[in-house]
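Engineer: Turn this into a model:
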Amino acid sequence: MSSNISNSLNMDDYEVLIRRRGENEYASYCPQLNLMLTGTFHEEVENKMYEKIAQHIQHLKLINNQDPSKN
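Structural biologist: So this is what the prediction gives:
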């Protein structure tokens with residue numbers, strides 16, 4: 001099973017799935033990052049995931065700017 005991480009710089013290319021797990025727990029999953037986060041509130045896991053996606057995109061931008069072949 002391969003887990004290809006997205007190289008997209010477009011936030012809209014990342015899917016966020018949120019599911020209630022039990023009484024007081026939610027899980028957020030992003031298939032493009034192969035990442036799952038958990039928390040107590042829907043908004044909490046949604047915000048955490050979008051922060052992780054934004055960090056991933058910033059990291060990609062940093063890598064692209066440091067690579068002389070990309071200039």
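
Engineer: So what sits opposite the residue lying closest to residue 21 once chain neighbours are set aside in the bridge?
Structural biologist: Leaving aside its sequence neighbours, residue 21 sits nearest to residue 27 (CB to CB, 6 or more residues apart in numbering; 5.1 Å). Backbone N, C-alpha and C define where each C-beta goes, glycine included. Residues in a beta bridge with residue 27, per DSSP bridges, are residue 19, residue 38.

Engineer: Could you check how far residue 27 is from residue 15?
Structural biologist: 14 Å (CB to CB, to the nearest Å).

Engineer: Same check on residue 66?
Structural biologist: Look at residue 66 and residue 15: by CB to CB, they are 28 Å apart.

Engineer: Which of these two has more residues huddled nearby?
Structural biologist: Higher neighbour count among residue 66 and residue 15: residue 15, with 12 against 9, using other CB atoms under 10 Å.

Engineer: surely that one meets residue 33?
Structural biologist: No. Using CB atoms under 8 Å, residue 15 is not in contact with residue 33, being 9.7 Å away.

Engineer: Could you say which helix or strand holds residue 47?
Structural biologist: Per DSSP states H and E: residue 47 is located in helix 42-66.

Engineer: Flag every buried residue along that helix.
Structural biologist: Under the neighbour-count criterion of 16 or more other CB atoms under 10 Å, helix 42-66 has 45, 46, 49, 52, 53, 56, 57 buried.

Engineer: Report pLDDT for the first one.
Structural biologist: This means residue 45. At residue 45, the model reports a pLDDT of 97.

Engineer: Next: the fifth one.
Structural biologist: At residue 53 the predicted local confidence, pLDDT, stands at 98.

Engineer: ok now do it, which residues does it touch?
Structural biologist: Applying CB atoms under 8 Å, 6 or more residues apart in numbering to residue 53 gives the contacts 11, 14, 16, 30, 33.

Engineer: Repeat that for the second one.
Structural biologist: By CB under 8 Å, 6+ apart, residue 46 lies in contact with 16, 18, 28.

Engineer: before we move on, what about the third one?
Structural biologist: Residues touching residue 49, when contacts are defined by CB under 8 Å, 6+ apart, comprise 16, 18, 28, 29, 30, 35, 37.
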